[in-house]
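A.B. asks: here is the input, now give the coordinates:
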Amino acid sequence: MHLRVGLLCLLCTVLCGCNNFLAKTMVAPPNGGRSPELVAKQPLKAGELRIPVGPPDALVSAWILEPTTPPRATILLLHGFIANHHQLERTAKALQAAGYRAVLIDLRGHGRSTGEYLTFGVNDARDMAQITTYLQEHHLCGDSVGVYGASYGAATALLFAGSDPRVKAVFAVAPFASLREEAPYFGKHLMPIPGLFMSADDYRAIVNQMGTIAHFDPDASSPLDAIRKTTAHVRLIHGADDWINPAQGSRELAAAAPDRTELTIVPGKGHLDLCLDWSGAVRAHVAEWFDKNLVKDVAGR
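C.D. replies: Numbering: from 1, shown residues only. Next comes the predicted model:
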C-alpha cells in the first residue's frame, strides 16, 4: 500500500515537472532568442529587410520577391513551427513567377527575427498588421493583401485575417483550430512517453502556464474565432493522416464559415507531407486560388 502511494506521489511529481518543462518548451523561441540590440548591429543578408514590430518589441526579417511584370498583388508567406522563411521559398518563387509580389517572413523567435517568446499567432498576427502597413508606406503593397501559411503560419494567417480587413484571401495548410485543442497533440509529439500519462486537466494547466510565461492570452490563439470574423476567402488543405495538427481542426474551421471556405482533406498525407510540400502538389494550386480570390492590386508596383 505504502509503495503504491509512494509511486503515485513520484508520478505526480514527475508529471508536474513535465508540465512545467513542456509549457516552457512550447513558448521558447526556436532560434534561442536573438538580442534585438545585437541583431541591429549585424549586417543584413542579401535581400533582407528588418522591420520593427511590437509591443512586445521585436525585429522581424523579411525578403521580397518581385515579379518581372507589375505585381498583381502582394502575398505574405508564413512558415511553420521551428522553421524559417526557407521552408516556403519554392512557393514564393511560384507566386513570383505568376506575377505576385511574394514576401517571405521569419516569424518572431524564428530564423533571423528576434522575439523572446512564441504566442502561437497572437503577437504574430499583430506583427503582420504592422508589416503590411510598413509595406504600404514603402509602396510595396496596395489596399489589400493575401496570406499563405503552413501549420503555425497558417494559424497566424487566420488570426491576422480575423483582425485586419486588408486580408482578402488566405491559403492555409494544416492549421489548428485553437491552441487549447492543439496542445495535447503537440505536447504528445514533443514528449511521447510523459504525454501518455497527462490528462485534459494537465494540458489545460500547461496552456495556462504558457500564457503566464509568455504574457499572452491563450484563448486569443483561436483561428476558429478568427475565421468567423474575417470576410476573407480561405482555402484549407489538410492531410488525413496528420497526427500533429489533426485534420479535425480544418473541418471545424470550414464548418464555422462555410460560405467563405474551401476545404480539401488529402488521403494518406501527414503534417510534413503538405507543410513542406516536397512534391509541389500544394503550390501547384496556390496561384490559381489567389487569382480567383485576391483583389487585383497594382498600387504597390
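A.B. asks: any idea how far the closest residue to L158 other than its chain neighbours is from H233?
C.D. replies: Among residues not flanking L158 along the chain, P223 sits closest, at 3.8 Å (CB to CB, 6 or more residues apart in numbering). For the C-beta atoms, the positions are set from N, CA and C on the backbone; glycine is no exception. When CB to CB, to the nearest Å is applied, the distance between P223 and H233 equals 15 Å.
A.B. asks: and if you look at S113?
C.D. replies: Distance, S113 to H233, by CB to CB: 28 Å.
A.B. asks: neighbour count winner among the two?
C.D. replies: Under the criterion of other CB atoms under 10 Å, the comparison of S113 against H233 puts S113 first, with 26 against 22.
A.B. asks: residues contacting A254?
C.D. replies: Contacts were defined as CB atoms under 8 Å, 6 or more residues apart in numbering; by that measure A254 touches 236, 261-263.
A.B. asks: helix or strand: which one has it?
C.D. replies: A254 belongs to helix 248-256 when assigned by DSSP states H and E.
A.B. asks: quick one: average pLDDT of that helix?
C.D. replies: Across helix 248-256, pLDDT averages out at 98.
A.B. asks: what's across from the residue lying closest to A40 once chain neighbours are set aside in the sheet?
C.D. replies: Leaving aside its chain neighbours, A40 sits nearest to L59 (6.7 Å; criterion: CB to CB, 6+ apart). When bridges are taken as DSSP bridges, the partners of L59 come out as P52.
A.B. asks: give me every residue that touches L59.
C.D. replies: Shown here is L59, whose contacts under the criterion CB under 8 Å, 6+ apart are 36, 39-40, 50-53, 113-114.
A.B. asks: out of those residues, which is most surrounded?
C.D. replies: Neighbours here mean other CB under 10 Å. Within these, the largest count is held by T114, at 28 neighbours.
A.B. asks: roughly how far does that one sit from T212?
C.D. replies: Spatial separation of T114 from T212 under the definition CB to CB is 21 Å.
A.B. asks: also A281?
C.D. replies: Using CB to CB, A281 is found at 41 Å from T212.
A.B. asks: what's the helix or strand for the spatially most central residue of the chain?
C.D. replies: In the chain, the residue lying closest to the centroid (CA atoms, centre = their mean) is G153, at 1.9 Å. Following DSSP H and E, the helix or strand that holds G153 is helix 152-163.
A.B. asks: likewise G115?
C.D. replies: Secondary structure assigned from DSSP H and E places G115 in neither a helix nor a strand.
A.B. asks: list phi and psi for it.
C.D. replies: Main-chain dihedrals, G115, degrees, to the nearest 10: phi 140, psi 130.
A.B. asks: use 20 as the first number from now on
C.D. replies: Okay, using 20 as the starting number, the last item reads as G134.
A.B. asks: and it, how many neighbours does it have?
C.D. replies: Neighbouring residues of G134 were enumerated by other CB under 10 Å; the total is 28.
A.B. asks: from M217, how far off is it?
C.D. replies: 27 Å.
A.B. asks: check E281 too.
C.D. replies: For E281 relative to M217 (CB to CB), the value is 35 Å.
A.B. asks: what's the answer for P211, then?
C.D. replies: As judged by CB to CB, P211 and M217 stand 11 Å apart.
A.B. asks: more neighbours, those two?
C.D. replies: Comparing P211 with M217 by other CB under 10 Å, the one with more neighbours is M217, at 20 against 9.
A.B. asks: residues touching the more buried one, list them.
C.D. replies: Shown in contact with M217 (CB under 8 Å, 6+ apart): 34, 37-38, 203, 206-207, 225.
A.B. asks: again with R120
C.D. replies: If you count contacts by CB under 8 Å, 6+ apart, then R120 has 83-86, 90, 92-94, 159-160, 319 around it.
A.B. asks: who wins for most neighbours among the residues you listed?
C.D. replies: With neighbours taken as other CB under 10 Å, the top of the contacts of R120 is I94, carrying 28 neighbours.
A.B. asks: I'd say that residue and A121 touch.
C.D. replies: Yes. Contact status for I94 versus A121: in contact at 5.6 Å, counting by CB atoms under 8 Å.
A.B. asks: now do the shared contacts for the two.
C.D. replies: L114.
A.B. asks: widest-spaced pair of the contacts of A273?
C.D. replies: L255 and E281 (6.9 Å; CB to CB).
A.B. asks: in this protein, which spans are helices?
C.D. replies: Residue ranges of the helices in the chain, as given by DSSP state H, are 21-46, 55-60, 108-116, 141-156, 171-182, 198-209, 211-214, 219-233, 242-248, 267-275, 290-291, 305-312.
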